[in-house]
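Trainee: just coords:
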């Protein structure tokens, strides 16, 4: 079968899909993912923005969190405190990846995110732990390799499937198959994006794709069109270590992945990274806002509000 032709007619039809038919982002996002890997440049970016901001000229308020890691209750606490549930204006939740692994409320979080997707109320950015889950249930066929156990991925699969932990190592193929049929794998992961951007902000998990060098990082001019492999590497980058070298000249990058106490300690020279004086609140720098509160240690989830 010949590959699809992403010509001007396709572009026009894709835009109508969002603007005229009003298709929700949950339905269109899988198309966007394919488009972003085939139609490079400005069109893919504009279509993504159309999909998630199709309310015309109205102001959209974004409640931004990161690295929830299966801690449903701290997430709800943070959103309630920030006003997400009481907000009557146009608003969406943005989560910057790493939805699960480490916390024990995976089922509650999965149900919550599924409902928000149905309501077109959430934008999900893919994190490195989503990559790990996909690796566990496909390439590694459900086997309890050390990095899956240490990172919490294996436990997440047990929580989401209800599989007997005594049988999972032996029946690992069956375990992986059940995990591939979860809402997380079938619905949530396919809706996730490498990045999302508005007029003034770029939302990613670790950082934008760049080249790591011995003394820092080097920017990629066309990072939006980076390969899937570079995006996967970018999800592991500590943005607070990279932002001075690789950045966007016009927009602030909001990221997660790395505990914010790193920035407060090593850049602002305030407190330690994990001691009693560690500060896990959002880190603000020139062109960067970092949000990973290291919830397993701090007990809370960071949430900031930005408008576009």
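Mentor: Good, I have the coordinates. Just so it is clear, the model here is predicted, and its values are computed rather than measured.
Trainee: how about the helices of the stretch 201-308 of the chain, start to end?
Mentor: All helices of the stretch 201-308 of the chain, identified by DSSP state H, counting those that start in this stretch, fall at 228-234, 239-242, 261-266, 295-298.
Trainee: what's the domain layout of the chain?
Mentor: In terms of domains, the chain is parsed into 1-54, 57-127+192-308, 131-181 (source: automatic domain parsing).
Trainee: Including mean pLDDT and mean neighbour count, could those go into JSON lines?
Mentor: Every residue, glycine included, has its C-beta placed from N, CA and C. Listed next are these as JSON lines, based on pLDDT from 0 to 100; neighbours: other CB atoms under 10 Å:
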{"stretch": "domain 1-54", "mean pLDDT": "48", "mean neighbour count": "15"}
{"stretch": "domain 57-127+192-308", "mean pLDDT": "95", "mean neighbour count": "19"}
{"stretch": "domain 131-181", "mean pLDDT": "97", "mean neighbour count": "18"}
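Trainee: Which residue, other than its chain neighbours, is closest to residue 285?
Mentor: residue 243 (6.1 Å; CB to CB, 6 or more residues apart in numbering).
Trainee: Contact partners for the one you found?
Mentor: 207, 253, 285, 286, 287, 288 (CB atoms under 8 Å, 6 or more residues apart in numbering).
Trainee: Can you verify my assumption that the last one contacts residue 240?
Mentor: Right, residue 288. Yes. Under the criterion of CB atoms under 8 Å, residue 288 makes contact with residue 240 at 6.9 Å.
Trainee: This structure: strands as residue ranges?
Mentor: Ranges of strands in the chain, per DSSP state E, are 61-65, 91-95, 122-124, 196-197, 201-203, 210-213, 216-219, 252-255, 283-285, 288-290, 304-307.
Trainee: Now do the shortest one: distance to the chain's middle.
Mentor: When you say that, I think you mean strand 196-197. Relative to its chain's centre, strand 196-197 lies at 11 Å (CA atoms, centre = their mean, to the nearest Å).
Trainee: re the thing from before, could you dump the helices of the stretch 201-308 of the chain to CSV with distance to residue 280?
Mentor: Output for the helices of the stretch 201-308 of the chain, formatted as CSV (distance: least, CB to CB, whole Å):
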stretch, distance to residue 280
helix 228-234, 23
helix 239-242, 13
helix 261-266, 5
helix 295-298, 4
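Trainee: Nice, that's everything, thank you.
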